Each structure stands twice: as C-alpha cells, then as structure tokens.
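S.K.: Compute the structure for the input listed below.
(2 chains)
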Amino acid sequence: MTTGSSLAGLSEPKLRAWIVARMRGQEDPPIDESRLEGPDDYVRAVYQEADARFRARIEKAVIAALEEVSAGDLSAGSDARALQHLSALIDGMDLRRAAPRLQRIAEQGVFGGQAGLDPAAEEMVLLALAGLQAPAILWAKWAALWRQDVPRLWPVVTVGLRLSDPSKALAVVPEAVERAASHPEFPLGEVLWAFATDERYTGNEFAGALAGLSASALERCRVALQELGATPEELDAWVPRLAVTTLPDWARVCSMREVPQFTGAPICR
Amino acid sequence: MSLLNASQPAHRAALKRFAVALSKSDYQAKALLQNLKEEDRLPADKCAAFHAALIRSRQRRWKDRFMEAVPAAQRAVQVPTPRPGCIVGTWWHHVPLGALEKYNYVSLALHRSSRPPPRLRLLRRIGRPEAGADRTFWITDASGSDADDTRDRLGLCFILRGQHLYRIEVGLAAPHRALFIPTAIDAAFYPAWRRPGAEHTEECGMTRHLGTDVAAERELLALPDDADALQAEYVGPIKTDPPREYLRARGIL
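M.R.: Model prediction:
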C-alpha cells in the first residue's frame, strides 16, 4: 500500500505512473465507494499535507499524468475514467497551468465540434476548464457550445460562460429560464443560484437580467430558487416582481412592431 | 471468534500469511488487521465463506484478494425485526458536495467557487448508481450544524479542508426496510472504522471520533429506497484537516 511518505520518495516518472494507475483505479489505497470516495481524494489529501517542494513535484506529476492519459482512448474505459478523476483533482488543486491541456482535451469533444469523449469525463473536463480558464479568452467557444443542442452540457456551459465573462454571461440567464421550461431536467435553480450568489455582480445586475421575463417565467425562477433554500429577502433582491398593471403573458409575447399593421383598405371585388 | 481464526485447519496457514502481510504494511493495512482481529459478530458460515473466498482467490496482491473475498460476507449482520428501540427518529447520510458531483448525483451547474445552496436536488437516490446494482451506504442519527465537528464525530476521515458537507435524509418509516450493523468486512479498508467495544449493547454500529477514537454516534448500513430524500441539505464548510489522533490512540501511528 502507498502512504504520503512513500509517495514523497518516488522519482518523478514513478510518481506520474502511480497517479495514472490510481486514476485508472488500479492503485492503492483502496477506495470506499460506499462513502462516495474517489481516487483523487487521496492525492488531494497528500497534496494538502505536503511541504512546498513536494507540492510542486505533485503538480508536475499531475500535469504529466494528464498528458499521458490524454494520449489514450478517452471515449470509454480506464483512460476515460482516469481523465474524469484527474480533471476533478486538477480543479480541486486549482492547477491553472493545466488549463491549456484541458482545453486541447475538451476540443476532442463537443467543445471542439467532435464526439470523442466519454460523457462523464467530458463534463468534468469542462467543469475544470471553466474554473481554470483565463478571463474572456474562451467566451466564443462556450457561447457556441451553449447554442448547440446538447442539453446534458448546458449546466456546465453556464459555469464556463459566467466564469469567462460575468457581464456578458447575464445575457444567457433568460435563455436558461426558457430552456428549463422545455427541458424539465435542466437544473434551473442551481444555475440561477450560481449567478445570483456570484460576488462579482454588483447591485441588482442579476435581477436586471431577469427583468424582461414574463410573470410566469419569473414565478418559475422564484420557485426554483426557493427549492434550493433561498430566503424571502434573497428572492426579493434577486427576482423582480411585476407590477399589477403589467401586461398579461399573452400580451407580452409580441412587441409592438410585431403587431400586424393595416397598410391599406381591403380590396373589394 | 476473530475473523482471523480459521475454523478449518487447511485455512490457518494462509490466514497467518495474510495477517503477516497486513502487519508489515502501512497504517490502513494495520487498521484493517486490528479490525479483523476484533470482529467477532459474524455467523460461523459467513466466516467460513470469507476464509474460503480469500484463500481461493488467484489475485496477485493481497489487497485484491481481500476485496474479492468481501462479497462472501458483507451485510452479514442484519438489524432484527421489529427494530430495536435505538433506531428511531431521523437518520442521515453525510457526503461532501464534490463527491455528489463526481458520482453525478447532482448537476454540474455549481462550481467550487460558488456559494453552496442550503438544499440541492439529487438526480437519483443515494446508493443507486447510474448503472449496475444498488450500493450500500452509511447512515447515522447524528446531526449538527458545525461541519468539522460532524465530520470528526462521524469518522469521515477522507473529507478534506475546503470541501462542503451535505446530508441526505433516509426514510426509515417502513418497518421492514433492511438495515445492517456494519462489520469489519463492510468497512474493508476504511481506517477510521472500528468495532464498538464490549460496553456497547445497542443493536447498531458506532462511529469513531477522528480526534479521540471514542465511539461517538450510532451508525448503520442501508440500501437505497424510494423513501429516501431526493435532496441534500447543507451542513457547512469543512475548515480543518481531518484529525488522525484515532490512529495514535490505537497505536497504529
């Protein structure tokens, strides 16, 4: 079995090989899945306890392990599993140097217009990339992914958009509310919560993003956030209330320029 | 009878070699060795089945041999029906947010930088994997609002600083729902688990406090059920590293 101290004695290639094997589920210590432990938890524990020198070695070995795993079959099997756990580990370690490699891997999947990644691994790669990306650089990529009809990726794409460019990302909030109406599995509450509690938004920026929604859409937002435990004060601050005099939903569907205009008298034969 | 005492003479030498291998390995192996020595609650037929499976295994590594033998004797001690008086009230499964995400129990709409919500919707019931057979999970009737204290009292030694602890309510109202008293076989390599001492007479297990190794809270094993909540409740942030004093108290570290 392996302990943190025995890992510290490994050469860099051996440390990388051990990390790859562990993420593939082949290496000690055993994982307790009944407690939802993952193979990356132990490495994170060793990393948290390590001194600065050993931490630097672990970081290098983790990136090298990602390189090695990414050369394998990422569509299924042990390398795809290893990729999923390595991505979670890299995100947990806040290892920003790994972002370019994560991006290249993501581009083998829907992010790059392909279909070469195992779905669970792909989602974890995208979540890690969302957290580690440099501001604004990947905005167009996330926006393109948001426009694609891949509902399983929409939740993580909202994270990518928001962390890439928080101001521009507010534009997708009404679309998210719309999508939730037609896709019941879409986690509207979680998406709204992540936006509403993002401290980079000031004043009522988030509430402003919801302002154009219909009364029934706003009510859906309130219910979704309430289910996650938002307090009445938070709901009042985050979700605008339409005034009683506001037009009913059916009247809000068309803007004035869409109302048919008579341009002349009907022709009588 | 200890789980390392073979009833069949043919198994004795192999079990001795297994115990020696454990004693020469690291702290988790030593914790397992101690647990196997102390475990005396399994019925004789389950003990024999475990020994036979361990010895029959053709795995090269002793760890893999042990894991291969576990199904022969897991969930061996069932809680009797009618349920004993100690199993009342609300019971919970505790789990960090990162684990719920990794095992796809929740959506990936929240990043670690997000403020954790008081409640989270689960995509399926706990213990029910995306594919394959249902899995056992650990439950307790203890609850608390201090996440570090809860983690320590429940012996959740793998939950690290920086994680967010959630709990899921487990529906025990159905009187015939199968529940199990955890044994050394169920705990397998989990180092913080230990058999309750002789003074413990209730028909349930007990967690060990990570800071003291003292029996702290009631615990049981359950399989998923439609009565279990489809939402997780936030307990709080984990601010400290998990203590390891329990290993020192056992003379392992």
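
S.K.: Closest approach to chain B from the stretch 1-150 of chain A, which residue is it?
M.R.: A:Leu36 (3.7 Å; Cβ to the nearest Cβ). All C-beta spots, glycine's among them, are computed from the backbone N, C-alpha and C.

S.K.: so that residue touches B:Val95, yeah?
M.R.: Yes: look at A:Leu36 against B:Val95 with Cβ atoms under 8 Å: they come within range, at 5.4 Å.

S.K.: returning to that earlier point: name the nearest residue to the residue of the stretch 1-150 of chain A closest to chain B, sequence neighbours excluded.
M.R.: B:Ala99 (3.7 Å; Cβ to Cβ, 6 or more residues apart in numbering or on different chains).

S.K.: could you check the distance from that neighbour over to B:Thr140?
M.R.: 16 Å (Cβ to Cβ, to the nearest Å).

S.K.: Which one's more surrounded, those two?
M.R.: A count of neighbours by other Cβ atoms under 10 Å in any protein chain shown puts B:Thr140 above the other of B:Ala99 and B:Thr140, at 24 against 21.

S.K.: can you pull the contacts of that one?
M.R.: Counting by Cβ atoms under 8 Å, 6 or more residues apart in numbering or on different chains, B:Thr140 touches B:Trp91, B:Trp92, B:His93, B:His94, B:Leu154, B:Thr207, B:Glu217, B:Arg218, B:Glu219, B:Leu220.

S.K.: Please produce TSV containing the residues you listed, extended by distance to chain A.
M.R.: Converted to TSV, the contacts of B:Thr140 look like this (distance: Cβ to the nearest Cβ, whole Å):
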residue	distance to chain A
B:Trp91	15
B:Trp92	13
B:His93	9
B:His94	9
B:Leu154	10
B:Thr207	12
B:Glu217	15
B:Arg218	17
B:Glu219	11
B:Leu220	12
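
S.K.: Now for the residues you listed, which sits with the most neighbours around it?
M.R.: B:Leu154 (26 neighbours).

S.K.: can you list the domain ranges for chain B.
M.R.: Per automatic domain parsing, the structural domains of chain B span B:9-72, B:91-249.

S.K.: What is the end-to-end distance of the first one?
M.R.: Terminal residues of domain B:9-72 are spaced 20 Å apart (Cα to Cα, to the nearest Å).

S.K.: Then the last one?
M.R.: End-to-end distance for domain B:91-249, by Cα to Cα: 28 Å.

S.K.: Give me the distance from it to the chain's centre.
M.R.: A distance of 8 Å separates the C-alpha centroid of domain B:91-249 from that of its chain, computed with Cα atoms, centre = their mean, to the nearest Å.

S.K.: Where does chain B get nearest to chain A, which residue?
M.R.: Counting by Cβ to the nearest Cβ, chain B gets nearest chain A through B:Pro118, at 2.8 Å.

S.K.: so that residue makes contact with B:Tyr234?
M.R.: Yes: using Cβ under 8 Å, B:Pro118 is in contact with B:Tyr234, at 4.9 Å.

S.K.: Those two - which one has more neighbours?
M.R.: Higher neighbour count among B:Pro118 and B:Tyr234: B:Tyr234, with 20 against 15, using other Cβ under 10 Å.

S.K.: mind listing what that one touches?
M.R.: A:Gly229, B:Pro116, B:Pro117, B:Pro118, B:Arg119, B:Leu120, B:His164, B:Leu165, B:Tyr166 are the contacts of B:Tyr234 under Cβ under 8 Å, 6+ apart.

S.K.: Look at it and tell me its secondary structure.
M.R.: For B:Tyr234, the assignment made with DSSP: H, G, I helix; E, B strand; the rest coil gives strand.

S.K.: Would you mind measuring from it to B:Leu97?
M.R.: B:Tyr234 is 8 Å from B:Leu97, where distance means Cβ to Cβ.
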